[in-house]
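K.L.:
okay, sequence plus prediction incoming.
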Amino acid sequence: MKKILLIEDDADLYALLKYNLEKEGFSLAGLQTGEGALALCRHVRPDLILLDIMLPDSDGLDICKGIRKDPELASTPVIFLTARASETDRIVGLELGANDYVVKPFFVRELIARIKLQLRGAMHTQPALARTLTAGELELNLASRQARRNGTPLSLTATEFRLLEFMMSRPGVVFSREQLLDSVWGQDRAITDRAVDVYVLRLRQKVEDDPANPVLIHSVRGFGYTFEPRRAMAAV
């Protein structure tokens, strides 16, 4: 049974989600305040976290930062639940490490579909491919789903890992944003191609010495991205 942790201050919405998620077969724990949220995450070790941004005593964005900095929680999918609907808010949320961003009000069935999509991605491990991809100081262990750079573990989200794995296993191949969305997020994704740029930026910040002048993940003018160590490409 998959464990969902819900941090949501609206009592009615909390009760509604609890009922529907448990009916769907999930185990649910949670809080209606931000205080103690990180401690509860560490205790429960959920498979996915639903996180309200505007909490009465905390900022959900700060909680997400804490999750991504914790080695034991860093790869846990996080879906923001929020009334903030602007594109800027969405981009900020993704840049801070959220896997998805759901604007209130929303349909519960749609949220459940997005949860299942994230959990499918987190479960996407293939023991038969128990090998390691390497590129200079970067090492990706496909069995343990761990990334290291110069021997130091990297805190990658599940989606960041899948994106890096997909590109790194196909060096030199140029992918459009649409191709990356289809291959990494799936056909039933609920995000736009703008999200690809956000995730690539986040990956560069974690795997490149100088993200502004990448030597691993390159932009290809007017098309998309490629993973090709030491080859300079034209900027978008």
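P.N.:
Arrived safely, thanks for sending.

K.L.:
for stretch 56-66, buried residues please.
P.N.:
58, 60, 61, 63, 64 (16 or more other CB atoms under 10 Å). From N, CA and C alone the C-beta is placed, and that goes for glycine too.

K.L.:
cool, and stretch 154-171?
P.N.:
154-168.

K.L.:
same check, this time on stretch 83-93
P.N.:
Buried, per 16+ other CB under 10 Å, within stretch 83-93: 84, 89, 90, 91, 92, 93.

K.L.:
got the domain boundaries for this structure?
P.N.:
3-122, 127-227 (automatic domain parsing).

K.L.:
would you turn the ones you listed into a markdown table with mean pLDDT?
P.N.:
A markdown table is the format used below for the domains of the chain (pLDDT from 0 to 100):
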| stretch | mean pLDDT |
| --- | --- |
| domain 3-122 | 89 |
| domain 127-227 | 85 |
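
K.L.:
who's in contact with the residue nearest the centre of the chain?
P.N.:
Centroid-nearest residue in the chain, with CA atoms, centre = their mean: residue 99, separated by 3.3 Å. Counting by CB atoms under 8 Å, 6 or more residues apart in numbering, residue 99 makes contact with 77, 78, 79, 118, 157, 158, 159.

K.L.:
quick check, nearest of the residues you listed to residue 197?
P.N.:
residue 159 (13.7 Å; CB to CB).

K.L.:
do you know how far the nearest residue to that closest one once chain neighbours are set aside is from residue 32?
P.N.:
Nearest residue to residue 159 in three dimensions, chain neighbours excluded: residue 99, at 5.2 Å (CB to CB, 6 or more residues apart in numbering). Per CB to CB, to the nearest Å, residue 99 is found 22 Å from residue 32.

K.L.:
nearest to residue 44, of the buried residues of stretch 83-93?
P.N.:
residue 93 (22.1 Å).

K.L.:
may I ask which helix or strand encompasses the closest one?
P.N.:
helix 87-95 (DSSP states H and E).

K.L.:
I'd like the next helix or strand past that helix.
P.N.:
Next along from helix 87-95, by DSSP H and E: strand 100-103.

K.L.:
can you show me the CA trace of that next one as CSV?
P.N.:
Provided in CSV are the C-alpha atoms of strand 100-103 (Å, rounded to 0.1, in the frame of the first residue of the first chain):
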residue,chain,number,x,y,z
ASP,A,100,3.8,18.7,-10.2
TYR,A,101,1.7,21.8,-9.5
VAL,A,102,-2.1,21.6,-9.0
VAL,A,103,-4.1,24.7,-8.8
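
K.L.:
need the next SSE after it, C-terminal direction.
P.N.:
That would be, after strand 100-103 and using DSSP H and E, helix 108-122.

K.L.:
for that following helix, name the packing helices and strands.
P.N.:
In terms of contact count using 3 or more CB pairs under 8 Å, 6 or more residues apart in numbering; DSSP states H and E, helix 108-122 is assigned the packing partners helix 11-23, strand 48-52, strand 78-82, strand 100-103, helix 158-168.
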